[in-house]
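S.K.: My questions concern the predicted model and sequence given below.
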Amino acid sequence: MGRLDGKVAIITGAARGIGAAEATAFVAEGARVIVADVLDEDAAAVAGRLGEAAVAVHLDVTEPGSWKAAVAAAIEHFGHLDTLVNNAGIVRVGLLESMDVDDFRAVIEVNLIATFLGIQAVVPALRAAGAGSIVNTSSTAGFLGYTGLGAYGASKFGVRGLTRTAAQELGAAGIRVNSIHPGGTATPMVSSDTFRLDPETAFVGQPIARIGQPEEIAALAVFLASDESSFSTGAEFIADGGALSGPS
């Protein structure tokens, strides 16, 4: 018996990286999943790999109408919805004094406003289901400031506040809302030319001196979507190799 038997989830940014790992882990634990992304071909490939328990859906997380369609697709294909993983995110690097305002706005739109839109879109379906779990993806950058990541950090600090408020507002409906805070994780975002990180040396100061793997973050999302976390809401779950535990 899977830990997520009977659960139906929308996972955003699920075409690759952490989102794809979450979709894979959810299906392995018995859930049915909407693999939601703007990268249609990649999302279809993930869903195809996962079989009948997964359906790829185009979702622009910044558009309310796109969210409405994704929720409708979940109910059409699987009968109900009780889980949302707000995983989609982008990063733009730039010092505050010189960063283009459009880049700053884009990060806030995708990382923070889209998280709000996702919560708003799924709540009626979760209420109808009688309970639910929302997992919002923040970051260690939601706890610490990093040079060049002002927009990203602002968005991820915002996700923390939004998560706590949603937990307060939705708890009486049986809807739990928690946040995940990954540290450096081996995803296309981190391994891109944006950061140029060497995974052999970039994390040597951490207690667990290596880069994280998407599957390790996915395991945390499985826990938060499952009934095992039934007494957890408004909480922050960190998976960062100990980076936030103290100075190296």
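M.R.: Sure, I can see it. Residues are numbered from 1 along each chain as shown.
S.K.: ok, then the element right after the helix or strand bottoming out on mean pLDDT in the chain?
M.R.: Ranking every helix and strand in the chain by mean pLDDT, DSSP states H and E puts helix 188-191 at the bottom, with a mean of 74. Downstream of helix 188-191, the next assigned helix or strand under DSSP states H and E is helix 214-225.
S.K.: Run the chain-centre distance for the next helix-or-strand element following that next one.
M.R.: Next helix or strand after helix 214-225 toward the C-terminus (DSSP H and E): strand 236-239. With Cα atoms, centre = their mean, to the nearest Å as the basis, strand 236-239 stands 12 Å off its chain's centre.
S.K.: Using CSV, list the CA coordinates for strand 236-239.
M.R.: C-alpha atoms of strand 236-239 as CSV (Å, rounded to 0.1, in the frame of the first residue of the first chain):
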residue,chain,number,x,y,z
GLU,A,236,8.9,25.1,7.4
PHE,A,237,10.8,22.0,6.4
ILE,A,238,14.5,22.5,5.5
ALA,A,239,16.5,20.1,3.3
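S.K.: Quick check: the residue nearest the centre of the chain vs G212, distance?
M.R.: By Cα atoms, centre = their mean, the mean C-alpha position of the chain lies nearest to N87, the distance being 2.0 Å. Noted for N87: a distance of 14 Å to G212, by Cβ to Cβ, to the nearest Å. Any C-beta I mention is one placed from the backbone N, CA and C, and that applies to glycine too.
S.K.: that older thread, next, the contact list for the residue nearest to the centre of the chain, please.
M.R.: The contact partners of N87, by Cβ atoms under 8 Å, 6 or more residues apart in numbering, come to I11, T12, G13, A14, I18, G19, E22, T137, A221.
S.K.: Among these, the buried ones, what's the PyMOL command?
M.R.: Entered in PyMOL, the line below selects the buried ones among the contacts of N87, by 16 or more other Cβ atoms under 10 Å:
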select buried, resi 11+12+13+14+18+19+22+137+221
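S.K.: what comes into contact with the top helix by length along the chain?
M.R.: As assigned by DSSP state H, the longest helix anywhere in the chain is helix 150-170. For helix 150-170, contacts defined as Cβ under 8 Å, 6+ apart pick out 86, 89, 91-92, 94-96, 99, 103-104, 107-108, 110-112, 115-116, 119, 123, 126, 134, 136-139, 141-142, 144-146, 176-179, 181, 233-236.
S.K.: Now list the buried members of the residues you listed.
M.R.: 86, 89, 91-92, 94, 99, 104, 107-108, 110-112, 115-116, 119, 123, 126, 134, 136-139, 141-142, 176-179, 181, 233-234, 236.
S.K.: Buried ones in the least confident helix or strand of the chain, by neighbour count?
M.R.: In helix 188-191, counting by 16+ other Cβ under 10 Å, buried: M189, V190.
S.K.: same check, this time on stretch 147-157
M.R.: Counting neighbours by 16+ other Cβ under 10 Å, stretch 147-157 gives G148, L149, G150, A151, Y152, G153, A154, S155, K156, F157 as buried.
S.K.: how close does the closest residue to V91 other than its chain neighbours sit to S232?
M.R.: The spatial neighbour of V91 that comes closest, neighbours along the chain excluded (Cβ to Cβ, 6 or more residues apart in numbering), is Y152 at 4.9 Å. In this view, Y152 and S232 are 26 Å apart by Cβ to Cβ.
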